[in-house]
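> Provided below are the primary sequence and the corresponding predicted coordinates.
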Amino acid sequence: MAIKSRVVLPYLVPQLTTSPVNTKALAFLSSVAGEALNKHLGRILPALLKSIGEAATPERQTEELEYSQQVVLSIVDEDGVRIVVTELLEVSRGSSLAMRRAACQLLECFCTHTKADFEPLVPQLISGLVMLFRDEDHTVLQSSWQALVAVTKTLDPAEQLQHVSVLRQAVRFATMDLRSDSGQLPGFCLPKGLTPILPIYREGILNGPPELKEQASIGLGEVIKLTSPEALKPSVVNITGPLIRILGDRFSANVKVAVLDTLALLLGKVGVMLKPFLPQLQTTFIKALTDPSRQVRLRAANALGKLIHIHTRVDPLVSELSAGVRAADDSAIRETTLQALRDVIAGAGDKFGDAVRKTMTPALVSLLSHAEDTTRMSAAGCLGTLCASLPEIELQALLIDELLDNDPSADWLLRHGRATALSVALKVAPSKLCNYFPDKIVDVILANTTADRIPIALAGIRSLGFLLCWQLQQEQQTQPQVVTALGKCMNHTSNEIKQLAAQMCLFVSKTTPEKPLPPVVMRPLVSMLVNGTKEKNSVVRSNSELALVSILRLRVDDTTYQNFLSILDPGPRDALSDVYVKSLRKLTSQVEPRDEDIDNTILY
């Protein structure tokens with residue numbers, strides 16, 4: 001048969017592949033036909049897949065699958081293997097679920113049991129199989145996962161390093177237009193879902209050159225985002241150990257940033273599972289706070305903010321960071337350590353003890369008048385964040401003695417520090433503050449917005465915005481003087497103040513995204529922003545237009561805009577209509593800019 005196959009196959013194959021497909025005969029034929037079968041695989045493989053997919057009973061399907069597996073496993077030459085892999089991957093992406101299942105089952109069998117060398121096809125297999133991880137059918141997912149396990153098991157360490165970039169690209173392609181509501185890749189969420197790919201990234205992190213260590217760490221972080229906490233659990237030790245080891249060595253800032261980002265992602269996803277690593281992680285992160293690279297220090301601060309959530313005893317960490325702030329001679333180290341302390345304070349809540357808190361509060365207060373802007377503002381951010389955790393008596397004392405002390409004769413640096421701390425406190429704990437001194441708070445904010453120093457006025461404008469947002473969220477009656485003060489900011493001579501006023505209007509408009517702002521709030525803000533669109537400064541104009549689009553909900557429809565026009569007098573109505581025609585209508589069709597944190601005390 002092997003000798004005559006080139007003559008016989010053109011006659012036999014059409015008969016055997018015509019419905020009903022004779023898979024048993026094809027299995028026998030493939031065992032003796034040799035390479036001559038390759039020319040007919042384009043007809044044989046679809047027939048096999050159809051016979052599996054259309055089997056009437058599970059028993060019959062199992063039988064058809066076994067015969068079909070014999071056919072694909074008989075293909076061992078280079079050309080035949082390429083045809084099998086390409087054809088099956090193509091069908092596995094089709095619209096027919098039965099055909100997808102059949103193709104994936106044959107791929108699983110081929111990759112697991114073939115004696116052929118498919119090493120040249122590994123990049124194609126990795127890309128194709130990872131793409132199948134976005135499928136919603138369990139059979140497709142399980143078969144493609146098993147196939148990928150088999151493929152990656154064939155790679156030695158050197159080959160694993162060669163496929164780091166292939167794997168990253170495959171994951172990126174698989175996540176394009178991902179249909180999953182959870183933002184997770186279903187294949188990675190299978191039990192032990194990371195088993196096929198983890199060895200590749202692990203090898204890249206531990207033994208690759210610096211550039212590959214960085215890419216492998218970033219790739220691992222991308223995968224963590226796409227994996228459920230339950231699926232991550234079995235892999236936590238294998239992920240965390242290599243990352244900690246790399247941070248302990250002397251590598252470039254890029255490598256450290258990538259590793260710290262990945263550890264922070266892991267802590268955010270499965271924090272409690274990392275408790276066994278807590279001492280090592282804390283030591284590693286604190287050491288990174290003194291790294292020469294600012295980006296490394298900031299990533300370490302962010303990671304500490306995640307780590308604090310699994311801490312049972314936070315006092316030693318808070319004390320160590322507070323000591324680090326006091327000991328830092330370099331202002332750059334001091335500001336990032338303050339950011340770390342702020343993140344830890346926010347994450348710890350009320351878990352730290354009285355002694356630590358009572359030591360930390362005056363230390364932060366002493367930095368509110370620091371000569372260096374970054375230190376002063378970082379300390380103010382810390383102190384404002386701390387307000388959310390202070391007991392009633394301590395908070396009232398801090399407000400009376402510091403944040404609400406608006407003595408105009410005080411040094412302007414101190415006034416700036418106090419105003420900034422107040423704005424952050426209103427951002428993180430508005431209910432607590434307004435529960436004590438609501439009228440005094442408004443008076444101080446209004447005084448800050450009209451201060452002679454621009455930085456103090458900017459802090460006052462942020463306070464106005466945060467207070468107004470809270471009042472809207474609580475569905476409280478907004479205070480006219482607060483809205484009016486924000487609406488008057490466009491009259492200031494400083495472009496910096498005008499720009500921030502427009503940004504705060506945009507921020508306020510997103511407080512209640514499901515409904516328009518109340519008319520008493522909308523009217524003065526829209527009037528101010530229409531004036532802002534006529535400013536000479538392009539940044540002020542741009543921010544004013546973006547805020548108008550958001551306040552008038554023009555990206556939803558023009559209902560709010562039309563309703564608002566109907567309550568305006570002729571002059572303001574014409575002015576708004578003119579702005580709408582000239583710029584706002586065009587803006588609604590453009591991509592909405594990414595939201596930025598309006599809090600300028602955060603270093604990230």
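Arrived safely.
> Nearest residue to the middle of this structure?
Lys225 (7.2 Å; C-alpha atoms, centre = their mean).
> count of residues packed around the closest residue to that one other than its chain neighbours?
Excluding the flanking residues, the one nearest Lys225 by C-beta to C-beta, 6 or more residues apart in numbering is Leu265, at 6.3 Å. For every residue, glycine as well, the C-beta is placed using N, CA and C. Neighbourhood size, Leu265 [other C-beta atoms under 10 Å]: 18.
> on that earlier part again, please report how far the residue nearest to the centre of the chain lies from Leu266.
The gap separating Lys225 from Leu266 is 10 Å, by C-beta to C-beta, to the nearest Å.
> swap in Gln590?
Counting by C-beta to C-beta - Gln590 and Leu266 are separated by 36 Å.
> Which of the two has more residues huddled nearby?
Counting neighbours by other C-beta under 10 Å for Gln590 and for Leu266 shows that Leu266 has the greater number, 25 against 10.
> avg pLDDT for the helix or strand where Ser143 lies?
According to DSSP states H and E, Ser143 maps onto helix 138-153. For helix 138-153, mean pLDDT is 96.
> what's that helix packed up against?
Packing partners of helix 138-153 (3 or more C-beta pairs under 8 Å, 6 or more residues apart in numbering; DSSP states H and E): helix 97-113, helix 122-131.
> Just the mean pLDDT for the following helix or strand past it, thanks.
Counting by DSSP H and E, the next helix or strand C-terminal to helix 138-153 is helix 157-162. Per-residue pLDDT over helix 157-162 has a mean of 95.
> And the contacts of helix 157-162?
Contact with helix 157-162 is made by Glu119, Val122, Thr152, Pro199, Ile200, Glu203, Gly204, Asn207, Gly208, Leu212, as judged by C-beta atoms under 8 Å, 6 or more residues apart in numbering.
> got the buried residues for that helix?
Gln160, Leu161 (16 or more other C-beta atoms under 10 Å).
> Please apply the same query to stretch 546-564.
Leu546, Ala547, Leu548, Val549, Ser550, Ile551, Leu552, Arg553, Leu554, Thr560, Tyr561, Phe564.
> now do the same end-to-end measure for stretch 129-145.
7 Å (C-alpha to C-alpha, to the nearest Å).
> what comes into contact with it?
Against stretch 129-145 from outside (C-beta under 8 Å, 6+ apart): 89, 92-93, 97, 100-101, 104-105, 107-108, 147-148, 151, 167, 170-171, 173-175, 178-180, 185-188, 190, 193, 196-197.
> and if we set it to 6 Å?
92, 100-101, 104-105, 108, 147-148, 170, 174, 185-187, 190 (C-beta atoms under 6 Å, 6 or more residues apart in numbering).
> chain center to that stretch, what's the gap?
The chain centroid and the centroid of stretch 129-145 are separated by 24 Å, computed with C-alpha atoms, centre = their mean, to the nearest Å.
> measure stretch 588-596 end to end?
19 Å.
> Check the offset of it from the chain's centre.
Worked out by C-alpha atoms, centre = their mean, stretch 588-596 lies 18 Å from the chain centre.
> Gln499: what's it in contact with?
Gln499 neighbours (C-beta under 6 Å, 6+ apart): Val539, Val540, Asn543.
> Oops, could you answer that again for Pro186 instead?
Here Pro186 is in contact with Leu141 (criterion: C-beta under 6 Å, 6+ apart).
> can you tell me how far it sits from Asn491?
55 Å.
> so where's the stretch 101-250 of the chain shaky on pLDDT?
Within the stretch 101-250 of the chain, the stretches with pLDDT under 70 are 179-181.
> returning to what we had before: what angle separates the helix holding Ser143 from helix 122-131?
Taking axes from the mean of the first three to the mean of the last three C-alpha atoms, to 10 degrees, one finds helix 138-153 and helix 122-131 inclined to each other by 150 degrees.
> what about Glu78, how many neighbours?
The burial count for Glu78: 15, using other C-beta under 10 Å.
> sorry, that was for Arg585
By other C-beta under 10 Å, neighbour count at Arg585 equals 14.
> mind listing the helices in the stretch 501-604 of the chain by residue range?
Taking DSSP state H, counting those that start in this stretch as the test, the helices found in the stretch 501-604 of the chain are 519-532, 538-551, 559-565, 570-579, 585-587.
> so how far is the shortest one from its chain's centroid?
Remark: helix 585-587 is offset 29 Å from the chain centroid, using C-alpha atoms, centre = their mean.
> And the third one, by the same measure?
Relative to the mean C-alpha coordinate of its chain, helix 559-565 is positioned 35 Å out (C-alpha atoms, centre = their mean).
> Please list the residues outside it that contact it.
Against helix 559-565 from outside (C-beta under 6 Å, 6+ apart): Pro516, Leu552, Arg553, Arg573.
> again with the second one
Contacts made with helix 538-551 from outside it, assessed by C-beta under 6 Å, 6+ apart, are listed as 495, 498-499, 502-503, 505-506, 509, 529, 532-533, 535, 583-584, 587.
> Any quick ChimeraX command for the buried ones out of these?
Burial among the contacts of helix 538-551 is assessed by 16+ other C-beta under 10 Å; the matching ChimeraX selection reads:
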select :498,499,502,503,505,506,509,529,532,533,535,583,584,587
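> What is the nearest of the contacts of helix 538-551 to Val32?
Among the contacts of helix 538-551, Leu587 lies closest to Val32 (C-beta to C-beta), at 70.4 Å.
> dump the residue contacts of the closest one.
By C-beta under 6 Å, 6+ apart, the neighbours of Leu587 are Glu545, Val549.
> what about Ile445, how many neighbours?
Ile445, neighbours per other C-beta under 10 Å, totals 26.
> a markdown table for the contacts of helix 559-565, including pLDDT?
Shown next, in a markdown table, are the contacts of helix 559-565 (pLDDT from 0 to 100):
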| residue | pLDDT |
| --- | --- |
| Pro516 | 92 |
| Leu552 | 95 |
| Arg553 | 94 |
| Arg573 | 94 |
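> ok, so of the residues you listed, who is nearest Asp373?
For the contacts of helix 559-565, the nearest to Asp373 is Leu552 (36.3 Å; C-beta to C-beta).
> Against Gln503, how distant is that closest one?
17 Å.
> Now do the same contact list for the closest residue to Ala451 other than its chain neighbours.
Counting by C-beta to C-beta, 6+ apart, Ala451 lies nearest to Ala457, which is 5.0 Å off, once chain neighbours are set aside. Applying C-beta under 6 Å, 6+ apart, we find Ala457 in contact with Thr449, Ala451, Ile497.
> Point me to the helix or strand that includes the closest residue to the first one other than its chain neighbours.
Counting by C-beta to C-beta, 6+ apart, Gly460 is the residue found nearest to Thr449 once chain neighbours are left out, at 3.5 Å. Under the criterion DSSP H and E, the helix or strand holding Gly460 is helix 454-473.
> After that helix, which helix or strand is next?
Next element after helix 454-473 (DSSP H and E): helix 480-487.
> Would you mark the buried spots in that next one?
Quick answer for helix 480-487 (16+ other C-beta under 10 Å): Val482, Val483, Ala485, Leu486, Gly487.
> quick revisit: export the helices and strands packed on helix 138-153 to a markdown table and tack on mean neighbour count?
Output for the helices and strands packed on helix 138-153, formatted as a markdown table (neighbours: other C-beta atoms under 10 Å):
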| stretch | mean neighbour count |
| --- | --- |
| helix 97-113 | 22 |
| helix 122-131 | 21 |
